[in-house]
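Student: Based on what follows, work out the 3D shape:
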Amino acid sequence: MIGWLSQNEVLIDSTLSIFLLAVSIQIPLRLGVISFASIGYYAIGGYGTAILMTQHDVASWTAVAASTVVATAVAWLLGLVIARLAGLYLAMATVSFSLLISAVALNGGSITGGAVGLYGVLGDITTWQVAIVAIVVAVIVSFTERGRLSRRFDAIREDPQLASAMGIAVARYRRLSFPVSGLLGGLAGALAVNLKTTISPESVSFSLVVLALTVIIVGGQASWVGALIGSVFFVWLPEVLQSVGDWEAVIYGVVVVTAAVLIPGGVVGVVNDWRHRREWAREREGIERLEAASEGPVVEHAASGAGEDG
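Tutor: Numbers count the residues shown, from 1 in each chain. Here you go, the predicted structure:
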(Lines give C-alpha, C1' and ligand atoms only; values in the text may rest on other atoms or scores of the structure.)
Protein backbone atom coordinates (compact mmCIF):
# COMPACT_ATOMS: atom_id res chain seq x y z
CA MET A 1 0.00 0.00 0.00
CA ILE A 2 2.77 2.41 0.99
CA GLY A 3 4.66 1.51 -2.19
CA TRP A 4 1.60 2.26 -4.33
CA LEU A 5 1.12 5.62 -2.60
CA SER A 6 4.76 6.52 -3.22
CA GLN A 7 4.54 5.55 -6.90
CA ASN A 8 1.40 7.63 -7.44
CA GLU A 9 2.25 10.58 -5.20
CA VAL A 10 2.17 13.07 -8.08
CA LEU A 11 -1.33 11.97 -9.11
CA ILE A 12 -2.54 12.09 -5.53
CA ASP A 13 -1.14 15.60 -5.13
CA SER A 14 -2.93 16.75 -8.29
CA THR A 15 -6.18 15.13 -7.15
CA LEU A 16 -6.10 16.97 -3.82
CA SER A 17 -5.34 20.38 -5.34
CA ILE A 18 -7.98 19.99 -8.09
CA PHE A 19 -10.50 18.88 -5.46
CA LEU A 20 -9.95 22.05 -3.41
CA LEU A 21 -10.15 24.18 -6.56
CA ALA A 22 -13.38 22.47 -7.66
CA VAL A 23 -14.98 23.06 -4.26
CA SER A 24 -14.04 26.74 -4.51
CA ILE A 25 -16.06 26.93 -7.75
CA GLN A 26 -18.83 24.74 -6.36
CA ILE A 27 -19.73 27.03 -3.44
CA PRO A 28 -20.79 30.02 -5.62
CA LEU A 29 -22.53 27.67 -8.09
CA ARG A 30 -24.74 26.32 -5.32
CA LEU A 31 -25.94 29.90 -4.82
CA GLY A 32 -26.55 30.46 -8.52
CA VAL A 33 -23.34 32.48 -8.96
CA ILE A 34 -21.45 31.48 -12.11
CA SER A 35 -17.92 32.54 -11.22
CA PHE A 36 -14.64 31.68 -12.94
CA ALA A 37 -12.59 33.79 -10.53
CA SER A 38 -11.27 30.76 -8.64
CA ILE A 39 -8.41 30.41 -11.12
CA GLY A 40 -7.34 33.94 -10.24
CA TYR A 41 -7.48 33.09 -6.53
CA TYR A 42 -5.52 29.90 -7.24
CA ALA A 43 -2.85 31.94 -9.02
CA ILE A 44 -2.66 34.48 -6.19
CA GLY A 45 -2.25 31.72 -3.61
CA GLY A 46 0.31 29.84 -5.69
CA TYR A 47 2.43 32.78 -6.81
CA GLY A 48 2.20 34.47 -3.42
CA THR A 49 3.48 31.36 -1.68
CA ALA A 50 6.25 30.83 -4.23
CA ILE A 51 7.43 34.45 -3.99
CA LEU A 52 7.46 34.43 -0.19
CA MET A 53 9.32 31.12 0.01
CA THR A 54 11.89 31.61 -2.77
CA GLN A 55 12.57 35.34 -2.49
CA HIS A 56 11.97 36.07 1.20
CA ASP A 57 12.75 32.72 2.90
CA VAL A 58 9.34 32.53 4.58
CA ALA A 59 8.38 29.17 6.11
CA SER A 60 5.99 26.99 4.13
CA TRP A 61 2.86 27.17 6.29
CA THR A 62 3.39 30.87 7.01
CA ALA A 63 3.60 31.56 3.27
CA VAL A 64 0.50 29.44 2.64
CA ALA A 65 -1.46 31.27 5.33
CA ALA A 66 -0.38 34.73 4.14
CA SER A 67 -1.13 34.01 0.48
CA THR A 68 -4.51 32.50 1.33
CA VAL A 69 -5.42 35.60 3.34
CA VAL A 70 -4.45 37.83 0.39
CA ALA A 71 -6.53 35.72 -2.02
CA THR A 72 -9.49 35.90 0.37
CA ALA A 73 -9.18 39.67 0.68
CA VAL A 74 -8.98 40.11 -3.11
CA ALA A 75 -12.05 37.90 -3.51
CA TRP A 76 -13.95 39.94 -0.94
CA LEU A 77 -13.14 43.17 -2.80
CA LEU A 78 -14.10 41.57 -6.11
CA GLY A 79 -17.40 40.50 -4.59
CA LEU A 80 -18.16 44.05 -3.49
CA VAL A 81 -17.59 45.29 -7.03
CA ILE A 82 -19.34 42.68 -9.16
CA ALA A 83 -21.71 40.76 -6.87
CA ARG A 84 -24.73 42.64 -8.26
CA LEU A 85 -24.00 41.35 -11.75
CA ALA A 86 -25.71 38.15 -12.86
CA GLY A 87 -25.63 35.51 -15.56
CA LEU A 88 -23.36 36.10 -18.53
CA TYR A 89 -22.17 39.51 -17.27
CA LEU A 90 -20.97 38.03 -13.99
CA ALA A 91 -19.31 35.11 -15.76
CA MET A 92 -17.46 37.45 -18.14
CA ALA A 93 -16.37 39.72 -15.29
CA THR A 94 -14.85 36.79 -13.37
CA VAL A 95 -13.19 35.42 -16.53
CA SER A 96 -11.64 38.85 -17.09
CA PHE A 97 -10.38 38.87 -13.51
CA SER A 98 -8.69 35.48 -13.89
CA LEU A 99 -7.15 36.49 -17.23
CA LEU A 100 -5.88 39.71 -15.63
CA ILE A 101 -4.16 37.79 -12.84
CA SER A 102 -2.64 35.43 -15.41
CA ALA A 103 -1.38 38.42 -17.42
CA VAL A 104 0.21 39.92 -14.31
CA ALA A 105 1.97 36.62 -13.65
CA LEU A 106 3.22 36.48 -17.24
CA ASN A 107 4.53 40.05 -17.23
CA GLY A 108 5.74 40.22 -13.64
CA GLY A 109 9.42 40.12 -14.55
CA SER A 110 11.79 38.74 -11.96
CA ILE A 111 9.11 38.80 -9.28
CA THR A 112 6.89 36.19 -10.94
CA GLY A 113 9.50 34.68 -13.24
CA GLY A 114 7.72 35.79 -16.41
CA ALA A 115 6.79 33.08 -18.90
CA VAL A 116 9.15 30.61 -17.21
CA GLY A 117 7.58 30.98 -13.78
CA LEU A 118 9.09 30.21 -10.40
CA TYR A 119 10.95 27.00 -9.57
CA GLY A 120 12.55 25.45 -6.52
CA VAL A 121 9.66 26.06 -4.12
CA LEU A 122 10.99 23.56 -1.60
CA GLY A 123 9.03 23.40 1.63
CA ASP A 124 8.16 20.83 4.27
CA ILE A 125 4.47 20.37 3.42
CA THR A 126 3.66 16.73 2.70
CA THR A 127 0.91 14.98 0.77
CA TRP A 128 -0.54 13.64 4.02
CA GLN A 129 -0.83 17.14 5.46
CA VAL A 130 -2.63 18.37 2.35
CA ALA A 131 -4.93 15.33 2.56
CA ILE A 132 -5.82 16.31 6.13
CA VAL A 133 -6.59 19.86 4.96
CA ALA A 134 -8.82 18.45 2.21
CA ILE A 135 -10.68 16.28 4.74
CA VAL A 136 -11.25 19.26 7.04
CA VAL A 137 -12.58 21.30 4.11
CA ALA A 138 -14.88 18.44 3.09
CA VAL A 139 -16.27 18.15 6.63
CA ILE A 140 -16.93 21.89 6.90
CA VAL A 141 -18.54 22.07 3.45
CA SER A 142 -20.72 19.05 4.28
CA PHE A 143 -22.44 21.10 7.00
CA THR A 144 -23.63 23.53 4.31
CA GLU A 145 -25.18 20.64 2.38
CA ARG A 146 -27.72 19.68 5.01
CA GLY A 147 -30.38 21.27 7.17
CA ARG A 148 -31.60 24.84 7.02
CA LEU A 149 -28.47 26.27 5.39
CA SER A 150 -28.73 23.80 2.52
CA ARG A 151 -32.38 24.73 1.97
CA ARG A 152 -31.42 28.41 1.88
CA PHE A 153 -28.74 27.71 -0.71
CA ASP A 154 -31.28 25.83 -2.84
CA ALA A 155 -33.87 28.60 -2.52
CA ILE A 156 -31.36 31.29 -3.55
CA ARG A 157 -30.22 29.27 -6.55
CA GLU A 158 -33.68 28.21 -7.77
CA ASP A 159 -35.62 31.46 -7.20
CA PRO A 160 -33.71 34.39 -5.67
CA GLN A 161 -36.75 36.69 -5.76
CA LEU A 162 -38.88 34.21 -3.83
CA ALA A 163 -36.01 33.58 -1.42
CA SER A 164 -35.72 37.33 -0.81
CA ALA A 165 -39.47 37.56 -0.21
CA MET A 166 -39.10 34.78 2.40
CA GLY A 167 -36.61 36.94 4.31
CA ILE A 168 -33.38 35.34 3.08
CA ALA A 169 -30.56 37.86 2.56
CA VAL A 170 -29.80 36.80 -1.01
CA ALA A 171 -27.30 39.57 -1.77
CA ARG A 172 -25.39 38.93 1.46
CA TYR A 173 -25.09 35.20 0.83
CA ARG A 174 -23.88 35.79 -2.71
CA ARG A 175 -21.33 38.37 -1.56
CA LEU A 176 -20.04 35.97 1.09
CA SER A 177 -19.58 33.27 -1.52
CA PHE A 178 -16.74 35.31 -3.04
CA PRO A 179 -14.37 35.38 -0.01
CA VAL A 180 -15.19 31.74 0.78
CA SER A 181 -14.34 30.82 -2.80
CA GLY A 182 -11.22 32.98 -2.57
CA LEU A 183 -10.09 31.24 0.60
CA LEU A 184 -10.48 27.77 -0.92
CA GLY A 185 -9.03 28.74 -4.30
CA GLY A 186 -6.06 30.53 -2.74
CA LEU A 187 -5.46 27.61 -0.39
CA ALA A 188 -5.55 25.19 -3.32
CA GLY A 189 -2.93 27.19 -5.22
CA ALA A 190 -0.72 27.71 -2.17
CA LEU A 191 -0.67 24.02 -1.31
CA ALA A 192 -0.29 22.94 -4.94
CA VAL A 193 2.88 24.97 -5.45
CA ASN A 194 4.40 23.34 -2.36
CA LEU A 195 3.64 19.88 -3.70
CA LYS A 196 4.72 20.59 -7.30
CA THR A 197 7.63 22.93 -6.30
CA THR A 198 6.92 25.13 -9.34
CA ILE A 199 4.33 27.46 -10.82
CA SER A 200 4.07 29.19 -14.20
CA PRO A 201 1.48 31.19 -16.19
CA GLU A 202 0.67 28.02 -18.14
CA SER A 203 -0.31 26.21 -14.94
CA VAL A 204 -2.87 28.92 -14.09
CA SER A 205 -4.27 29.38 -17.60
CA PHE A 206 -7.91 29.11 -18.66
CA SER A 207 -7.47 25.39 -19.29
CA LEU A 208 -7.51 24.98 -15.52
CA VAL A 209 -11.01 26.51 -15.48
CA VAL A 210 -12.13 23.97 -18.07
CA LEU A 211 -10.70 21.11 -16.01
CA ALA A 212 -12.37 22.29 -12.80
CA LEU A 213 -15.73 22.72 -14.54
CA THR A 214 -15.59 19.27 -16.13
CA VAL A 215 -14.79 17.85 -12.70
CA ILE A 216 -17.97 19.43 -11.34
CA ILE A 217 -20.10 18.47 -14.36
CA VAL A 218 -19.18 14.79 -14.16
CA GLY A 219 -19.01 14.51 -10.37
CA GLY A 220 -21.96 16.77 -9.56
CA GLN A 221 -22.22 20.31 -8.27
CA ALA A 222 -24.54 19.65 -5.32
CA SER A 223 -21.96 18.05 -3.02
CA TRP A 224 -18.27 17.98 -2.20
CA VAL A 225 -18.45 14.26 -2.96
CA GLY A 226 -19.05 15.15 -6.60
CA ALA A 227 -15.94 17.34 -6.62
CA LEU A 228 -13.90 14.47 -5.19
CA ILE A 229 -15.27 11.89 -7.65
CA GLY A 230 -14.67 14.22 -10.60
CA SER A 231 -11.16 15.07 -9.41
CA VAL A 232 -10.18 11.42 -9.10
CA PHE A 233 -11.72 10.60 -12.48
CA PHE A 234 -10.09 13.35 -14.52
CA VAL A 235 -6.69 13.30 -12.85
CA TRP A 236 -6.34 9.54 -13.23
CA LEU A 237 -8.12 9.18 -16.60
CA PRO A 238 -5.06 10.26 -18.68
CA GLU A 239 -3.03 7.51 -16.99
CA VAL A 240 -5.64 4.92 -17.94
CA LEU A 241 -5.89 6.22 -21.52
CA GLN A 242 -2.17 6.35 -22.27
CA SER A 243 -2.46 3.25 -24.44
CA VAL A 244 -5.06 4.78 -26.80
CA GLY A 245 -2.76 7.55 -28.03
CA ASP A 246 -4.50 10.27 -30.05
CA TRP A 247 -7.92 8.94 -29.07
CA GLU A 248 -7.45 10.22 -25.52
CA ALA A 249 -8.91 13.67 -26.29
CA VAL A 250 -11.85 12.09 -28.14
CA ILE A 251 -12.72 9.80 -25.23
CA TYR A 252 -12.31 12.70 -22.82
CA GLY A 253 -14.76 14.82 -24.82
CA VAL A 254 -17.28 11.99 -25.18
CA VAL A 255 -17.28 11.44 -21.41
CA VAL A 256 -17.89 15.12 -20.68
CA VAL A 257 -20.66 15.52 -23.29
CA THR A 258 -22.35 12.30 -22.20
CA ALA A 259 -22.29 13.37 -18.57
CA ALA A 260 -23.65 16.84 -19.38
CA VAL A 261 -26.52 15.47 -21.50
CA LEU A 262 -27.50 12.23 -19.76
CA ILE A 263 -26.63 12.93 -16.13
CA PRO A 264 -26.89 16.71 -15.62
CA GLY A 265 -26.70 16.17 -11.86
CA GLY A 266 -23.43 14.30 -12.20
CA VAL A 267 -22.56 10.98 -10.58
CA VAL A 268 -23.75 12.23 -7.20
CA GLY A 269 -27.08 13.24 -8.74
CA VAL A 270 -27.58 9.74 -10.17
CA VAL A 271 -26.80 8.13 -6.81
CA ASN A 272 -29.14 10.52 -4.96
CA ASP A 273 -31.97 9.86 -7.44
CA TRP A 274 -31.53 6.11 -7.03
CA ARG A 275 -31.54 6.45 -3.25
CA HIS A 276 -34.67 8.61 -3.28
CA ARG A 277 -36.46 6.13 -5.54
CA ARG A 278 -35.61 3.31 -3.14
CA GLU A 279 -36.86 5.32 -0.17
CA TRP A 280 -40.06 6.18 -2.04
CA ALA A 281 -40.58 2.52 -2.97
CA ARG A 282 -40.12 1.47 0.66
CA GLU A 283 -42.56 4.12 1.87
CA ARG A 284 -45.10 3.04 -0.74
CA GLU A 285 -44.69 -0.60 0.25
CA GLY A 286 -45.21 0.33 3.90
CA ILE A 287 -48.36 2.30 3.08
CA GLU A 288 -49.75 -0.62 1.07
CA ARG A 289 -49.10 -2.97 3.99
CA LEU A 290 -50.86 -0.63 6.41
CA GLU A 291 -53.82 -0.33 4.05
CA ALA A 292 -54.01 -4.10 3.67
CA ALA A 293 -53.82 -4.57 7.43
CA SER A 294 -56.56 -1.99 8.07
CA GLU A 295 -58.85 -3.48 5.42
CA GLY A 296 -58.50 -7.00 6.80
CA PRO A 297 -60.63 -6.58 9.97
CA VAL A 298 -63.28 -4.66 8.03
CA VAL A 299 -63.69 -7.47 5.51
CA GLU A 300 -63.75 -10.07 8.29
CA HIS A 301 -66.39 -8.13 10.22
CA ALA A 302 -68.54 -7.74 7.11
CA ALA A 303 -68.32 -11.47 6.44
CA SER A 304 -69.31 -12.38 10.00
CA GLY A 305 -72.25 -9.96 9.84
CA ALA A 306 -73.50 -11.59 6.67
CA GLY A 307 -73.30 -15.02 8.38
CA GLU A 308 -75.44 -13.87 11.29
CA ASP A 309 -78.09 -12.45 8.95
CA GLY A 310 -78.26 -15.78 7.21
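Student: Bridge partners for Thr198, pull those for me.
Tutor: Following DSSP bridges, Thr198 is listed with bridge partners Tyr119.
Student: mind listing what it touches?
Tutor: By CB atoms under 8 Å, 6 or more residues apart in numbering, the residues touching Thr198 are Ala50, Gly117, Leu118, Tyr119, Gly120, Val121. From N, CA and C alone the C-beta is placed, and that goes for glycine too.
Student: Share the number of residues neighbouring the closest residue to the fifth one other than its chain neighbours, please.
Tutor: Going back to what we said before, that points to Gly120. Of all residues not flanking Gly120 in the chain, Thr54 sits nearest, at 6.1 Å (CB to CB, 6 or more residues apart in numbering). Using other CB atoms under 10 Å as the criterion, Thr54 is surrounded by 18 other residues.
Student: helices or strands up against the strand or helix carrying Thr54?
Tutor: Thr54 is part of helix 38-55, with elements assigned from DSSP states H and E. Counting contacts by 3 or more CB pairs under 8 Å, 6 or more residues apart in numbering; DSSP states H and E, helix 38-55 packs against helix 9-29, helix 60-82, helix 87-106, strand 118-119, helix 170-196, strand 198-199, helix 206-219.
Student: which one of these has the most crowded surroundings?
Tutor: Neighbour counts (mean count of other CB atoms under 10 Å) averaged over each of the helices and strands packed on helix 38-55 peak at helix 170-196, with a mean of 25.
Student: and the angle from it to helix 38-55?
Tutor: Relative orientation of helix 170-196 with respect to helix 38-55: 40 degrees, computed using axes from the mean of the first three to the mean of the last three CA atoms, to 10 degrees.
Student: any idea of the angle helix 170-196 forms with helix 9-29?
Tutor: Using the same axes, to 10 degrees, helix 170-196 lies at 170 degrees relative to helix 9-29.
Student: Could you figure out how far helix 170-196 is turned away from helix 60-82?
Tutor: Taking the same axes, to 10 degrees, one finds that helix 170-196 is oriented at 150 degrees with respect to helix 60-82.
Student: Right, I'll call it a day here.
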